[in-house]
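Participant: Need coordinates for the below:
(one chain, ligands or ions: 1)
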Amino acid sequence: EQKVVLITGCSSGIGLSLAVHLASNLSKAYKVYATMRNLDKKQRLMESVRGLHKDTMAILQMDVTDQQSILDAKRNITEGRIDILVCNAGVGLMGPLEAQSLDAIHAVLDVNLMGTLRTIQTFLPDMKRKRHGRILVTGSMGGLQGLPFNEVYCASKFAVEGACESLAILLQHFNIHVSLIECGPVNTDFLMNLKRTEPSEEALEVDPHTRSLYDQFLQHCQTVFQNAAQDTDDIIQVYMEAIEAQTPFLRYYTNRALLPMSSLKLTSMDGSQYIRAMSKLIFSAPDTDPQI
Ligand code: NAD
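Facilitator: Sure, this is the predicted structure:
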C-alpha cells in the first residue's frame, strides 16, 4: 500500500524537491500531495515531474495561514488518510527589529509558527485515531540558536522546536513520530523570498552603528551561503533517513559543521560563550561604528 504524504510549500525549494523525489520512487511507494499556497506557481513542480507521476502525485492548493484552505486540502485526499505530514512552508524576515512593521512580524509568525500548528492540528486527530503517523518539519539552525537581525525568524523557529518537542513526548503513546530536519543554509529561493530590510532603504531609520553592523551581517550571510550552502538533494537525503527509519529521532541535522556552535549553548548554559563566539564569527571585521 502506498504511503500517503502531504507536503506544504511545494512551489519551490525543499518542498518541491522532496515532492519530486518521493513521487519518482520507482516502486511507487508514495502518493504525494504536493500543496502550495498559489497554484499559479505549480509550473516549476510540473516541469520537474514531467507529467510522469499521475498515480504518485497530486497538487493541491493550501495556504497554511488559511484554516479553510487546509480543511479543503484535507477533504481532497482521496485515500482519506495521511501517513506522513511534512510541514515545510516557511518565510524569513531580516533586518533590525526596530525597522520592522508589526504586520511583517505577524506575517512571519503566522506562516512559520501558526501555519505549522494549524496544519498539525488539522491532521493530528486522524493520526491519533489510527495510532499511526509521521510528522516531519523543516527546522532551521535559526530554531536552535539566535542570529542577529533574524529575531523574528528565530523566534518563530524556536517556537516550532518547542511545539515539536512537546508533541513528541505525547505522541509516542500514539505511535506517531515527530522529526525536525534541522537545516543550515540551503540553496533555494528562501533568501530571495524573505522580506529583507535593505540597508539603503530610506525608511530604515536606525542608528548608524546598527546600520554598519547590519552591513557586516549581510556580508557574512553572503559568504556563508557561498561557502556552506547545501543543495536541496542533500536535505532530501536526510529527509529520507527520517522517513525510512523504524523509530525516527526527534532531530536530524543536515550539516554537521554547524553543530559545534550549537553545542556551545550546552557547555556554557549562561549563554555567554555562544554570544561571544557568534558575535566574533559575524562581526569580526573591524567595528566601523562611526561614533568611535
Ligand atoms: P523557499 O522559499 O523556496 O520555500 C518556502 C516555501 O514555502 C515556498 O514555496 C513558499 O511559497 C511557501 N510558503 C510561504 N508562505 C506560505 C503559506 N502561507 N502557505 C503555504 N506555503 C507557503 O525556501 P526553502 O529553503 O525551500 O524553505 C523551506 C523551509 O526550509 C522553510 O520552513 C525555511 O524556514 C526552512 N529553512 C530554509 C533554509 C535555507 O537556507 N533555505 C535554512 C533553514 C531552514
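Participant: give me the element the closest residue to residue 253 other than its chain neighbours is part of.
Facilitator: Among residues not flanking residue 253 along the chain, residue 182 sits closest, at 5.0 Å (C-beta to C-beta, 6 or more residues apart in numbering). Placement of C-beta: from N, CA and C, glycine included. Residue 182 is part of strand 176-183, with elements assigned from DSSP states H and E.
Participant: any idea of the mean pLDDT in that strand?
Facilitator: Averaged across strand 176-183, pLDDT comes to 98.
Participant: same check, this time on stretch 209-219
Facilitator: Rounded mean pLDDT across stretch 209-219 is 95.
Participant: buried residues in it?
Facilitator: Across stretch 209-219, burial judged by 16 or more other C-beta atoms under 10 Å covers 210, 211, 212, 213, 214, 216, 217, 218.
Participant: Pull the distance from it to the chain's centre.
Facilitator: 25 Å (C-alpha atoms, centre = their mean, to the nearest Å).
Participant: picking up where we left off before, for the strand holding residue 182, packing partners?
Facilitator: helix 115-130, strand 133-140, helix 151-171, helix 232-244, strand 251-253 (3 or more C-beta pairs under 8 Å, 6 or more residues apart in numbering; DSSP states H and E).
Participant: how about CSV for these, with mean neighbour count, mean pLDDT and distance to residue 15 added?
Facilitator: Below are the helices and strands packed on strand 176-183 laid out as CSV (neighbours: other C-beta atoms under 10 Å; pLDDT from 0 to 100; distance: least, C-beta to C-beta, whole Å):
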stretch, mean neighbour count, mean pLDDT, distance to residue 15
helix 115-130, 18, 98, 12
strand 133-140, 25, 98, 8
helix 151-171, 18, 98, 15
helix 232-244, 18, 98, 9
strand 251-253, 19, 97, 17
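Participant: Just tell me which of those ends up closest to the ligand.
Facilitator: strand 133-140 (3.5 Å; C-beta to the nearest ligand atom).
Participant: Check which helices and strands the closest one sits against.
Facilitator: In terms of contacts (3+ C-beta pairs under 8 Å, 6+ apart), strand 133-140 is packed against strand 84-87, helix 115-130, helix 151-171, strand 176-183, helix 232-244.
Participant: Tell me how far residue 174 lies from the ligand.
Facilitator: To the ligand, residue 174 is 25 Å away according to C-beta to the nearest ligand atom, to the nearest Å.
Participant: My guess is that residue contacts residue 131. True?
Facilitator: Yes: under the criterion of C-beta atoms under 8 Å, residue 174 makes contact with residue 131 at 5.5 Å.
Participant: near the ligand, which residues of the stretch 1-150 of the chain show up?
Facilitator: Contact residues (C-beta under 6 Å from any ligand atom) of the stretch 1-150 of the chain with the ligand: 8-9, 11-15, 36-37, 63-65, 88-91, 111, 115, 138, 140.
Participant: Just the buried residues of those residues.
Facilitator: 8-9, 11-15, 36-37, 63-64, 88-91, 111, 115, 138, 140.
Participant: Out of the residues you listed, list just those in strands.
Facilitator: The strands, defined by DSSP state E, take in 36, 138, 140 from those.
Participant: which non-adjacent residue is nearest residue 2?
Facilitator: Once flanking residues are discounted, residue 2 sits nearest to residue 31: 4.4 Å by C-beta to C-beta, 6+ apart.
Participant: quick revisit: and residue 174 and residue 131? Which one has more around it.
Facilitator: residue 174 (15 against 10; other C-beta atoms under 10 Å).
Participant: Next, work out how far apart the residue nearest to the more buried one when sequence neighbours are not counted and residue 64 are.
Facilitator: Nearest residue to residue 174 in three dimensions, chain neighbours excluded: residue 128, at 4.9 Å (C-beta to C-beta, 6+ apart). Residue 128 sits at a distance of 21 Å from residue 64 (criterion: C-beta to C-beta, to the nearest Å).
Participant: Run through the residues that contact whatever residue of the stretch 51-200 of the chain ends up closest to the ligand.
Facilitator: Residue nearest to the ligand within the stretch 51-200 of the chain: residue 90 (2.1 Å; C-beta to the nearest ligand atom). Neighbour list for residue 90: 9, 111, 112, 115, 138, 140, 156, 157, 190 [criterion: C-beta atoms under 8 Å, 6 or more residues apart in numbering].
Participant: repeat for residue 156
Facilitator: Contacts of residue 156 by C-beta under 8 Å, 6+ apart are 90, 108, 109, 111, 112, 113.
Participant: Please apply the same query to residue 243.
Facilitator: Residue 243 touches 84, 134, 136, counting by C-beta under 8 Å, 6+ apart.
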